[in-house]
Structures are given as C-alpha cells and as structure tokens.
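Peer 1: give the three-dimensional model of this entry:
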Amino acid sequence: MKNENQGKLIFLKNENEFKPFVPAEKVMPEFTFTSVLLGCLLAVVFGAANAYLGLRVGITVAASIPAAVISMGVLRGIMKKDSILENNMVQTIGSAGESVAAGAIFTLPALFMWMNEWGYDVGPSQIGIFLIALSGGVLGVLFMIPLRRALIVRDHGVLPYPEGTACSEVLLAGEEGGSKASTVFAGMGIGALYKLFADGLNIFPSRVYFESTVRYKGAAVGVDVMPALLGVGYICGPKVSSYIFSGGILSWLIIMPLISLFGGDTVIFPASMSIADMSATNIWENYIRYIGAAAIATAGIITLLKLAPLLLRTFARAIKGYFGYGEQQSGLRTDDDLPMRYCVVGIIVTIMVVWISPAVPVTLVGSLIIVVFGFFSAAVSSRLVGLIGSSNNPISGIGLVTLLFSALLLKVFGDTGPSGMVGAIEISSVICIIVAIAGDTSQDLKTGYILGATPRKQQIGELIGVLVSALTIGSVLYLLNAAWGGFGKVDLPAPQAMLMKMLVEGVMNGNLPWSLIFAGIGITIVVALLGIPVLPFAVGLYLPIYLSMPIMIGGLVRLWLERRRLRQEETRKTAIDNGILYTSGMIAGEGLLGVLLAICAIIPMTVDGAASTFAAFLDISDRFTLGSIGSLCFFALLILALLRSTAWKKDKIVK
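Peer 2: The predicted structure is shown next:
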C-alpha cells in the first residue's frame, strides 16, 4: 500500500502538470466521415479475423496498433491528411471489432454446437446474436465512462495501460506511418495469398500430420503450416509459446499413448467404441478434450484467486470513482465525457431490451445477473488492464465464474433443460463481451488522453464500433460453422466455448466424466505449484498438437531475434516491432481469406454448371499437389518472409 500511495502522490502531481500532445484549446479534425468509415471497415476486418483465429487456437490478438498504422498509411500516406486525432479515432473504432469478437467466441459457439446436436430450429438467430453482442458492447462502454477520470486522469502516473500507451507512441511516431502501414499490408497480402494456395487452390496441404499406429500407438505429431499460427507464436513470444507447446506434448505424446496402452479393447465413457479401435484424433475427441477443458477452467479460477486482492481493491476504487464522478469537470475539450444521465438511461434501456426481447431468452433473474456481474466485471477489467494489459485480461475466467453461478441459479429457480442451458450461455456471453469492451475502451481512452483527444467523441466512436461489430459477428459465426463442419471439431476446436458447453451440460444434467475432470484439475494444480503460468499451458493441453507446433516455431523466431548480437539495441527493437506488425497483418490476411473461403464453401453453385466448372478449374489438387514435402517447403518460405520483414529489413531507424 505504501508504494501505491507514493505512486498516487506522483500521479496527482502529474495530473496537474500533464500536457497532451494536442492542447485542449486546439481543435483538429477528429470525428470525421473518413475516420468513422475507415474505422468501421477495420472493425469488420479485425473482428472477422480474430473470430477465425480465436475459434482455431483459443487466442486473439490486439488490433489497436495494426489499425493505427493502417490508418496512418491511408489518411496520411494516400489521402495526405495530417490529423493524429483522426488516426486515433480510426483505431478506437477498429479495435472494438476485435474486442467484440474476443468476447463472443468464448461463449456463443456453444449455442451452435447445440444447434448441430439438437437441430437447426433451436439454434441462435442472427437477431439474437446481434442483441447479445450489442448489449454486452454497449454496457461495457457505458460502465467504463464514469470511471475515466478516476482511472485514466487521476491515476495517469500509476496505471500504465500498456497497449494504450504503446498505441499512442505509434501514433506520435507519425513520420514512420507509411513504412509501418506497408509492413502490415505486406503481411496481410502474404497471409491471404498463402491461405488461398493452401485451402483455396489446394496446391499443398495445410497440415502435415503423422500418427503412430504400432510401437507408440495413440501418439501423433504434426504442424499446421499456416501464417496465422506462426504469427500468434511470434506475438506471444517464446515463453508463452513454450508453455502452450508443453501442454500439447503432455497430452499428445504422453497421456494419449498411455490411454491407448492401458485401454485395450475396453469401451470407456464417454466414448462408444473400444480404445483399441480409436485413432489419436478419436482419443483427443473423447478424452483429452475433457481433461483440457477442466484444465482451462481450473487455470481460470487460479488466475482469479491470484488476482482476488487486486480485484477487491479495484472494485472499491471503482465505486469511489462512480460516486466522485463529475465533481472535477474542467470544461475543457479534453475533459468532455458523455453525460452521466445518458449512461444511466442507456444501461437501463439495454437491460430492458435483453429481458424483453424474445430473440434473447434471458429471464428477469438473468437480467439481474447481467447488471450485477456486468458492473463488477467492467469495473475490474477497466483497472486490471491498466496494470497488466488487455492481453492478460481474464475474460474467460470471469465468464467461467459467471457461467457456473448462472447455471446453478437458473437450476435453483427451475429453469433447466435446453432453455436453462441456453440462458446460462447467453448471460455469460454478455458478461464476456462487457469485460472485453471495457478493457478495450480503457486502453483507447488512455491513448486519447495522451494525444489530447475528445473523450466524448472517442466514446461515441467506441459505440459505433460495437454496433458495426455486432451487426457482422453473427454472419461470421454462421459462415465458419457451416464451412468447417461445426465448432468443436478438429479444424475449429473453439476451446473456451467447448468448455462452457460441457460445464453447463454437466451442471444441468449431472453427467460429467468426473475422472477426466479431476485429472485435468490435478495436472493444472501441479503445474501451478511448479510456478508455470497455467492458462497458456492449459490451452496447449486442450489444443491438437499440430496447432501448438507452429505457435512454438513462431516463438522460436522471436527468440532468435531477441538474442541476436547487434551493435545497436534500437536495431533489435525495430526488427521485433516490424515483426509484430507483419505477423498481425498475416493473421488478418489469413482470417479474412478464411471467411471468404467459408462463403464460397456454402454458396450453392448451380447456374448452368458454369460455376461448378469454374470451381473444378480452381481445384488444382485434382491434377496437381505438392504433398507434405511441399507444405514444409512453403512453410519454410513463410518463415523466411517473416525474417525478411524483421532481421533483414533495411529501414532507417528514426531516433
């Protein structure tokens, strides 16, 4: 507490002395048609890309910095417009798409899994998904607005808000905007072209996979040779990547062979076939998913327990901030928030829509849960990301606790069966989106505070980004579900959503395979006692090893860059930063092409056979394919392209 109080004194002093880059008395173009349009486009782009990535590996990447550099490349480089506040508005709106997607994919795919199991007539409607995403996003923004002065202004010297500060530094380095934007666009082009060759034209397989069937039966190794996974590993870094990969080694090279060795001809629940007849993929689907899901749940709870003191202090400060809101309004442009009465009315209307709308079957009890848990979650998230960053925001952990509490409460009130299951998932969906958007809004307002943006305009921009993202996320989910044979499969495992689904079913029906659940819990506790970060390890334990392998390779590329011997440390930093921008572009490029391929996969082609003839012409794999060797060669070229944009890039260093 002593250090915190000392920091507070420094910070109160800084509040009076701090001068933003754009003075309050200066008016610049900010909330313009161009910035709103470009921001909305980026919200759709990064929302779709992150939805695809998160459903594939359970991880999303921040979109603020890539959106900022793209904005600078377009507004400054192409349109010759010179307004740093316009660029900031673009990234504010654009980053909302990534946040809505991050909150949605942790829960909503569970509804699609039930839709595939129960029949399409009970699946989530487009309007229902839109209202869930919109409600969570709006509440996340409105809950955060009254906290801005307490967390962003008064605590300016105490809460660093890492992503918000980093984004402001990128925008302030505007003279580098063209070069940085070209790096992002180059990554997008490579990612999209590579995805087209692999999964569009089928020139080479996107997965190299080998399964042992004799001496080490049950084990398997492989690698998905795709740019998004390589990019995730690079952005996460070598440590996080190694934790993910170690979880994959434990499940695919140790646990699965042991199950195969001791199982023999026995049929063990929840499988309906003997273990001797199972492939490695069958063992993963029937057993490892439960162990991994329990590990993820335990990791989320452990993370929350570790943060419990901080969460309580954060909530107490948030309450004080709400009661102190509006007492120190200066009347300056840089201190102009949306009025508190608008926030209160917006919160009430949003909750009423959730409760009354037939498209969102949430009861009065569910609406009250959303209000209480939503406010607490937003308050905690807003300050938590100020300390540890949005990447470490425990969205799934908070969503998990909300889910368990909601399921138990709904069951107590007699709302069981499919309606209770769907209600618990939808409550948790709204909370997860609230947490994600509240954290994103905090980071964006921090960026705006440093630059001298108008808070009211940023808050409106955030709401616009939420609206656009909510309108599109349902279509993206429907496309991906239809094109890849449903969520929860090997191509789109959707780890967090599968966890939510299994837990709700277990609470409502009481049929969880507890031996597997306890095994996952025990493994996670041991890992935590060893001092290993449990959440990335648990994700790796759940994921197929061919997804964690390329993530590890990306982390090794980052490790090599970090340990290179260079004369100038700034050269190393520039190379690493270029790699982050380039790999962010690769992720976006593959994600967008993945969505486009999903559209092509479900559109019927029956016009005089012309379309089918065209499709046959494109399917080069009918006549020519490079095979696994070709896949590995293309993946090596992809790694070389990443090195070309980082270690071998000849950009001048701006001091």
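
Peer 1: wait, residue 525 touches residue 298, no?
Peer 2: Yes: Residue 525 lies in contact with residue 298 (C-beta atoms under 8 Å); the separation is 6.9 Å. For the C-beta atoms, the positions are set from N, CA and C on the backbone; glycine is no exception.

Peer 1: in terms of neighbours, single out the busier of these two.
Peer 2: Comparing residue 525 with residue 298 by other C-beta atoms under 10 Å, the one with more neighbours is residue 298, at 23 against 15.

Peer 1: from residue 518, how far off is the more buried one?
Peer 2: Applying C-beta to C-beta, to the nearest Å, the value for residue 298 to residue 518 is 10 Å.

Peer 1: same for the helix or strand hosting residue 553, what does it pack against?
Peer 2: Per DSSP states H and E: residue 553 is located in helix 545-562. Applying 3 or more C-beta pairs under 8 Å, 6 or more residues apart in numbering; DSSP states H and E, one finds that helix 545-562 makes contact with helix 33-57, strand 207-211, strand 220-224, helix 227-236, helix 238-250, helix 569-602, helix 627-645.

Peer 1: kindly export the second one (C-alpha atoms) in PDB.
Peer 2: Put plainly, it is strand 207-211. Only the C-alpha atoms of strand 207-211 are listed here, as PDB (Å, rounded to 0.1, in the frame of the first residue of the first chain):
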ATOM      1  CA  ARG A 207      -1.500 -29.700 -42.300                       C
ATOM      2  CA  VAL A 208       1.400 -32.200 -42.100                       C
ATOM      3  CA  TYR A 209       0.400 -35.000 -39.700                       C
ATOM      4  CA  PHE A 210       1.900 -38.300 -38.600                       C
ATOM      5  CA  GLU A 211       0.200 -40.800 -36.300                       C
END
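
Peer 1: just give the strands next to it in its sheet, each with its orientation.
Peer 2: strand 220-224 (antiparallel) (DSSP bridges).

Peer 1: output the partner strand as PDB - backbone C-alpha positions only.
Peer 2: What follows is strand 220-224, C-alpha atoms only, in PDB (Å, rounded to 0.1, in the frame of the first residue of the first chain):
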ATOM      1  CA  ALA A 220       0.800 -38.100 -33.000                       C
ATOM      2  CA  VAL A 221       2.800 -35.100 -34.200                       C
ATOM      3  CA  GLY A 222       2.100 -32.600 -36.900                       C
ATOM      4  CA  VAL A 223       2.100 -29.000 -37.900                       C
ATOM      5  CA  ASP A 224      -0.400 -26.700 -39.400                       C
END
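
Peer 1: report the distance from that strand to the chain centre.
Peer 2: Distance of strand 220-224 from its chain centroid, counting by C-alpha atoms, centre = their mean, to the nearest Å, is 24 Å.

Peer 1: still on that earlier bit, quick one: closest of the helices and strands packed on helix 545-562 to residue 71.
Peer 2: helix 33-57 (6.2 Å; C-beta to C-beta).

Peer 1: packing partners of the helix or strand following that closest one?
Peer 2: The C-terminal neighbour of helix 33-57 among helices and strands, as given by DSSP H and E, is helix 64-71. Helices and strands touching helix 64-71, by 3+ C-beta pairs under 8 Å, 6+ apart, are helix 33-57, helix 84-105, helix 162-172, helix 177-195, helix 417-451, helix 569-602.

Peer 1: got those helices as JSON lines, with distance to residue 372, mean neighbour count and mean pLDDT columns?
Peer 2: Output for the helices and strands packed on helix 64-71, formatted as JSON lines (distance: least, C-beta to C-beta, whole Å; neighbours: other C-beta atoms under 10 Å; pLDDT from 0 to 100):
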{"stretch": "helix 33-57", "distance to residue 372": "27", "mean neighbour count": "25", "mean pLDDT": "87"}
{"stretch": "helix 84-105", "distance to residue 372": "18", "mean neighbour count": "31", "mean pLDDT": "89"}
{"stretch": "helix 162-172", "distance to residue 372": "28", "mean neighbour count": "21", "mean pLDDT": "75"}
{"stretch": "helix 177-195", "distance to residue 372": "40", "mean neighbour count": "22", "mean pLDDT": "78"}
{"stretch": "helix 417-451", "distance to residue 372": "10", "mean neighbour count": "28", "mean pLDDT": "87"}
{"stretch": "helix 569-602", "distance to residue 372": "35", "mean neighbour count": "22", "mean pLDDT": "75"}
